[in-house]
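**Q** coordinates only, sequence not included:
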Ligand SMILES: Cc1cc2nc3c(=O)[nH]c(=O)nc-3n(C[C@H](O)[C@H](O)[C@H](O)COP(=O)(O)OP(=O)(O)OC[C@H]3O[C@@H](n4cnc5c(N)ncnc54)[C@H](O)[C@@H]3O)c2cc1C
């Protein structure tokens, strides 16, 4: 087990500087254009693929870094560049992780390369779990997957919503109900291969922020996928369902806690994205406050402005520490006895919202225009308290973990 450290080693510093260079030279200059276009920035993804940032290998290397700092460091730098473009670059990873976590070696080898494509023909993937009536309440999911034994095929029907890359993805990973009695324990994940009949894009959302990232509904109408597209395989599913039925009979609480642990481990990565956006806005505000003069002196000469900047930086550093602690715990198999993963996501997302609002204020009228990037960063930051579990859901998880009570 690696000791917890706040010091990046030489190799990590090299990767960080390389990512920062890409974020500064390629992502940041393209940010305003793709925000206005509200389209997937394919040329930037292609650039990222060419240099090796858009690939499973890169994320796997960061993920298996025993210090736990690889992923948060990478996310912070890319999202410092621009949140919408960075999400377009890392969004495929969400689907890839779904396959890595639940798939067989054969499924991983078959589908993950098709999620990324290659530098000359980049592809993206989508992870489709949320539904119009099942957002925070995942157990209300309605999309059904029914097994057609005669043909060894699964038939999927339902509507997914809010899917990052939904409808434009080469490969969709779809979560569906296979046993209606078991709540979220009766769910399973399926690969929907490229060009499968019955899968279509519904509404594409026009969003407040992260507008370079494509978000859409995905409609599934009698979508037939081979039995081999059930992640983990049928035998494993049947065993898991049998265990879940036993546990449900015995009371169910252990089952809930196991599911919680999985989410706890992935939340710090979203916290790191929020730290990246917050740091970007803080840096713009600090520079501006030092150069903008009113009443014959730089505005930072007023404590009212200087203290805001002091608070902004303090919160950002605190957020990063929570994120790094949780990431270190996750990779080293430490138990999240106080929901430290949720804590890091909650604090970092709220920090990004507050800090970007303060940055707009410090830039005054300029902060309110699209001439300066803090306006965009402020819109982008609002997503962090919503996706991958809202702030309220993080508080719920923390409170339940601390108290052991079924707080509702
Ligand atoms: C840009 C974007 C990209 C996304 N990408 C994906 C994706 O790729 N794949 C995917 O599957 N999903 C994705 N999502 C969905 C996202 O995870 C959900 O939006 C989120 O989980 C919240 O669900 P909801 O929108 O239905 O809100 P709701 O669950 O309806 O919540 C509405 C409000 O009620 C509050 N609330 C709900 N329940 C409680 C409670 N018990 N206690 C206190 N407050 C409560 C919430 O905190 C929130 O403030 C994305 C969403 C967005 C906006």
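**A** In hand now; what should we look at? Model, not experiment: these values are computed from the prediction.
**Q** spell out which parts of the stretch 1-150 of the chain neighbour the ligand.
**A** With CB under 6 Å from any ligand atom as the criterion, the stretch 1-150 of the chain meets the ligand at residues 94, 127, 128, 129, 130, 135, 136. No exception for glycine: its C-beta is placed from N, CA and C like everyone else's.
**Q** doesn't the second one fall inside a strand?
**A** Yes: residue state for residue 127 (DSSP: H, G, I helix; E, B strand; the rest coil) corresponds to a strand.
**Q** surely it touches residue 99?
**A** No: Residue 127 lies out of contact with residue 99 (CB atoms under 8 Å); the separation is 9.4 Å.
**Q** helices of this structure, start to end?
**A** Using DSSP state H, the helices of the chain run over residues 10-22, 28-37, 42-51, 56-63, 70-81, 83-102, 105-116, 234-250, 253-291, 303-331, 340-362, 364-367, 373-381, 391-403.
**Q** nearest residue to residue 202 other than its sequence neighbours?
**A** residue 217 (3.0 Å; CB to CB, 6 or more residues apart in numbering).
**Q** contacting residues around that neighbour?
**A** Residue 217 sits next to 159, 160, 161, 162, 163, 166, 167, 201, 202, 203 when contact means CB atoms under 8 Å, 6 or more residues apart in numbering.
**Q** next: residue 40.
**A** 88, 124, 165, 168, 212, 213, 214.
**Q** swap in residue 274?
**A** So residue 274 contacts 79, 319, 345, 348, 349, 351, 352, 381, 384 (CB under 8 Å, 6+ apart).
**Q** let's see it at 10 Å
**A** By CB atoms under 10 Å, 6 or more residues apart in numbering, residue 274 lies in contact with 75-76, 79, 83, 316, 319-320, 323, 344-353, 355-356, 380-381, 383-385.
**Q** the spatially most central residue of the chain and residue 176, how far apart?
**A** Centroid-nearest residue in the chain, with CA atoms, centre = their mean: residue 270, separated by 5.1 Å. Using CB to CB, to the nearest Å, residue 270 is found at 24 Å from residue 176.
**Q** now do the contacts for residue 210.
**A** Counted by CB under 10 Å, 6+ apart, residue 210 has contacts 35, 79, 82-88, 91, 164, 273, 277, 376, 379-384, 387.
**Q** ok, residue 144 next?
**A** Counting by CB under 10 Å, 6+ apart, residue 144 has contacts 154, 155, 156, 157, 158, 176, 177, 178, 180, 220.
**Q** list the contacts for the second one?
**A** Going back to what we said before, that points to residue 155. Contacts for residue 155 (CB under 10 Å, 6+ apart) come out as 144, 145, 146, 147, 148, 176, 198, 220, 222, 223, 224, 225.
**Q** give me that answer again for 7 Å
**A** By CB atoms under 7 Å, 6 or more residues apart in numbering, the residues touching residue 155 are 146, 148, 222, 224.
**Q** same check on the first one?
**A** Taking CB under 7 Å, 6+ apart, we find residue 154 in contact with 145, 147, 190, 225, 227, 229, 230.
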